[in-house]
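Visitor: What follows is a predicted structure for the sequence shown.
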Amino acid sequence: MARNMRAMVAALARVSCDRQQFRWISTRRLSSFPAAGTRFRLPQTHVQLRTLSAVASVPATATRWIKKIQMALEEAREGTADTFEPYMNDEGVLVLDLGSKGQYSLQLEGERLLLFSATSGPRYYVYDADNDWWHNPDDGHLLVELLVRELMHTTSACINL
């Protein structure tokens, strides 16, 4: 069995794509590898916990982002001939009316932002404080990227976010 193992290691050493890795394996004696069934201790991992102040600041951060998006939409309105009416309603929901093309809305729900898109439907976003962005937990796309891309295709408006 050891002879078969040596032949396999030697064959692996000849593979051209990872030569250095296999060369290192082929120069080691088989007796220096751990025996089958050996248990290894995994290194401790450190988890960074969010502080209460970071959790409490999510609504303030969401409000800041909603206002930032509103300002960008108002700037983009000047450059389009289509119906493009952004406004904040009484409940604090940012609404973008596109006339016959539909309507977008953005609002805070708990610690998540909820975007109702005329193109892709409702989507939730969570805040990543390390990167200062809102991302979709299902597939990882960013709120800003989806919003800019969809509005460019729908209205030809250039949103500067």
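Guide: Good, I have the coordinates. Numbering: from 1, shown residues only.

Visitor: Check which residues of stretch 119-135 are buried.
Guide: 123, 125, 127, 134-135 (16 or more other Cβ atoms under 10 Å). Every residue, glycine included, has its C-beta placed from N, CA and C.

Visitor: And the residues you listed, which two are furthest apart?
Guide: Using Cβ to Cβ, those span at most 14.2 Å, a distance reached by 123 and 127.

Visitor: just to revisit the earlier point, in strands, which of the buried residues of stretch 119-135 appear?
Guide: 123, 125, 127, 134-135 (DSSP state E).

Visitor: With just CA atoms, put the helix ranked longest in the chain into CSV.
Guide: Determined from DSSP state H, the single longest helix within the chain is helix 58-77. Presented in CSV, the C-alpha positions along helix 58-77 are these (Å, rounded to 0.1, in the frame of the first residue of the first chain):
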residue,chain,number,x,y,z
VAL,A,58,-29.0,51.6,11.8
PRO,A,59,-32.2,53.8,11.6
ALA,A,60,-30.1,57.0,11.5
THR,A,61,-27.9,55.4,8.8
ALA,A,62,-31.0,54.4,6.8
THR,A,63,-32.4,57.9,7.0
ARG,A,64,-29.1,59.3,5.8
TRP,A,65,-29.0,56.9,2.9
ILE,A,66,-32.7,57.5,2.0
LYS,A,67,-32.0,61.3,1.9
LYS,A,68,-28.8,60.8,-0.2
ILE,A,69,-30.8,58.7,-2.7
GLN,A,70,-33.6,61.3,-2.8
MET,A,71,-31.1,64.1,-3.5
ALA,A,72,-29.5,62.0,-6.3
LEU,A,73,-33.0,61.3,-7.8
GLU,A,74,-33.9,64.9,-7.7
GLU,A,75,-30.7,65.8,-9.6
ALA,A,76,-31.4,63.1,-12.2
ARG,A,77,-35.0,64.5,-12.7
